[in-house]
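[1] could you look at this predicted model? Sequence included:
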Amino acid sequence: MRIRVIAPREDPEKQFRLFLPVPLGIARWRFIWRFLPEEARLYAPVAAELVRALKQYKREYGSWNLVEVKTADGKTHVEIKI
Amino acid sequence: MTETFGQRFARFRKAKGFTQDDIANKVNVSSQAVSKWENDINMPDVGILLNLGDILGVTTDELLGKENPVPAKYEPEIVQKDFAKLMLRVIVDSKEGDKVRVNLPLQIVKIALDAGVAPAISVNGNGKMADAISSIDWKQVYSLIEQGLLGEIVTVDSVDGDHVRVVVE
């Protein structure tokens, strides 16, 4: 899983970019779920099964963007790619 | 209700904080012309359309609403053949112009539903929108997909201008 955060600036040298590779298996670690919003925490009990299904889908059909957020002002663009 | 070109253009313009005059000056047309675009009386020329996309920070496809998915239809053969491949896409366009896209393989949706967890979508604390989304019977939706329903299966347009669509493809 790769988390990509881009905050474009008018000055390209000041452009903020963050690429964060996160092992998908980390979702099985219980303590990780504590830091997530309450809605997301509902998925903790089935984390292992979800991870297995995500990995299987990626193996068979390739990578895809699980979540993509773009703000209207173009200042932030966040992608979570599996 | 499908969003017209004028409504979409006005939404993108407001999200960028431009007035009709600002747009008119940038593409060398009168502000009346811009007003006519927003009221769906006229459409901009192709050359201007490309400029508008750049000015508003959107693609021409987005401006023309080409991102709109196909209407829902029953395709049992396709669903049976490609069920594991199907993706549930949740598309949220807020009135401010923010965009959120969540793409969930149907297998993931099934695991969540079996565990008693339904997708939750909150749009900028918009209570009516959240109520509308939470009233969706996801198990029923999933059951319809299993029977072959494809395309845009849920559409929620709030009076505040937020749009949520759920598409299976």
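    Nice, thanks for sending it over.

[2] which SS class is residue B:96?
    Of the three states, residue B:96 takes coil according to DSSP: H, G, I helix; E, B strand; the rest coil.

[3] state the phi and psi torsions of it.
    phi -80, psi -10 (degrees, to the nearest 10).

[4] against residue B:146, how distant is the closest residue to it other than its chain neighbours?
    What sits nearest to residue B:96 in space, not counting adjacent residues and going by C-beta to C-beta, 6 or more residues apart in numbering or on different chains, is residue A:72, at 5.0 Å. In this view, the C-beta of every residue, glycine as well, is placed from N, C-alpha and C. Residue A:72 is 36 Å from residue B:146, where distance means C-beta to C-beta, to the nearest Å.

[5] these two - which one has more neighbours?
    Remark: of residue A:72 and residue B:146, residue A:72 carries more neighbours, 22 against 14, as counted by other C-beta atoms under 10 Å in any protein chain shown.

[6] which residues touch that one?
    By C-beta atoms under 8 Å, 6 or more residues apart in numbering or on different chains, residue A:72 lies in contact with B:15-16, B:94, B:96-99.

[7] try it again at 10 Å.
    For residue A:72, the contact set (C-beta atoms under 10 Å, 6 or more residues apart in numbering or on different chains) comprises B:11-12, B:14-17, B:56-58, B:93-99.

[8] out of these, which are buried?
    Buried members of the contacts of residue A:72, counted by 16 or more other C-beta atoms under 10 Å in any protein chain shown: B:11-12, B:15-16, B:56-58, B:93-95, B:97-99.

[9] among those, which are in reach of chain A?
    Contacts with chain A within the buried ones among the contacts of residue A:72, as defined by C-beta under 10 Å from any C-beta of the partner chain: B:11-12, B:15-16, B:56-58, B:93-95, B:97-99.

[10] of the residues you listed, which is the nearest to chain A?
    residue B:97 (2.8 Å; C-beta to the nearest C-beta).

[11] got phi/psi on the closest one?
    phi 100, psi 0.

[12] dump the residue contacts of it.
    A:70-74, B:11-17, B:56-58, B:161.

[13] picking up where we left off before, export the ones next to chain A among the buried ones among the contacts of residue A:72 to JSON lines and tack on pLDDT?
    Listed next are these as JSON lines, based on pLDDT from 0 to 100:
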{"residue": "B:11", "pLDDT": "83"}
{"residue": "B:12", "pLDDT": "84"}
{"residue": "B:15", "pLDDT": "77"}
{"residue": "B:16", "pLDDT": "78"}
{"residue": "B:56", "pLDDT": "83"}
{"residue": "B:57", "pLDDT": "77"}
{"residue": "B:58", "pLDDT": "78"}
{"residue": "B:93", "pLDDT": "84"}
{"residue": "B:94", "pLDDT": "82"}
{"residue": "B:95", "pLDDT": "80"}
{"residue": "B:97", "pLDDT": "80"}
{"residue": "B:98", "pLDDT": "84"}
{"residue": "B:99", "pLDDT": "84"}
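
[14] let me know the closest of those to residue A:61.
    residue B:99 (23.5 Å; C-beta to C-beta).

[15] any idea which element the residue of chain A found nearest chain B lies in?
    Going by C-beta to the nearest C-beta, chain B is nearest to residue A:72 of chain A, at 2.8 Å. Following DSSP states H and E, one finds residue A:72 outside all helices and strands.
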